[in-house]
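Visitor: Sequence and predicted structure below; questions after.
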Amino acid sequence: MSLQYHGYTRNICPYVLGKNKNGKERALALLVRNTPSGPLAGGWECLDLDHVWNVKFAEGAWVAAPSAPRPDCDIPNIEVDAEAAAAA
């Protein structure tokens, strides 16, 4: 996916979607391509979905998650977990 987050383009594979304890929608995503002035590819990013816009599906294969542990993104109410869905 390609999207805008806090004014910068992010190219991501979303892994977890849900809500934090305050009901705010959040996502845990893997950054799959470097963008100018953005974080490096291959890292996890926690996104507040209130600040996401201009979402587009991107061409290309799904990117497997790194073996590094996921960061805590304060998403206790998980609605979608891509790894759990793939294992089912």
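Guide: Yes, it's here.
Visitor: now for the worst-scoring helix or strand of the chain on mean pLDDT, which elements pack on it?
Guide: Ranking every helix and strand in the chain by mean pLDDT, DSSP states H and E puts helix 82-87 at the bottom, with a mean of 78. The contact analysis (3 or more CB pairs under 8 Å, 6 or more residues apart in numbering; DSSP states H and E) places helix 82-87 against strand 8-19. Heads up, the C-betas are built off the backbone N, CA and C, glycines and all.
Visitor: quick one: buried residues of the helix or strand that the strand it packs on is followed by?
Guide: Using DSSP states H and E, the helix or strand that follows strand 8-19 in sequence is strand 25-33. Across strand 25-33, burial judged by 16 or more other CB atoms under 10 Å covers Glu25, Arg26, Ala27, Leu28, Ala29, Leu30, Leu31, Val32.
Visitor: Could you tell me which residues make contact with the nearest residue to the fourth one once chain neighbours are set aside?
Guide: I take that to be Leu28. Closest residue in space to Leu28, ignoring its immediate chain neighbours: Val16 at 4.0 Å, by CB to CB, 6 or more residues apart in numbering. Residues in contact with Val16, defined by CB atoms under 8 Å, 6 or more residues apart in numbering, are Ala27, Leu28, Arg70, Cys73, Ile75, Ile78, Val80, Asp81, Ala82.
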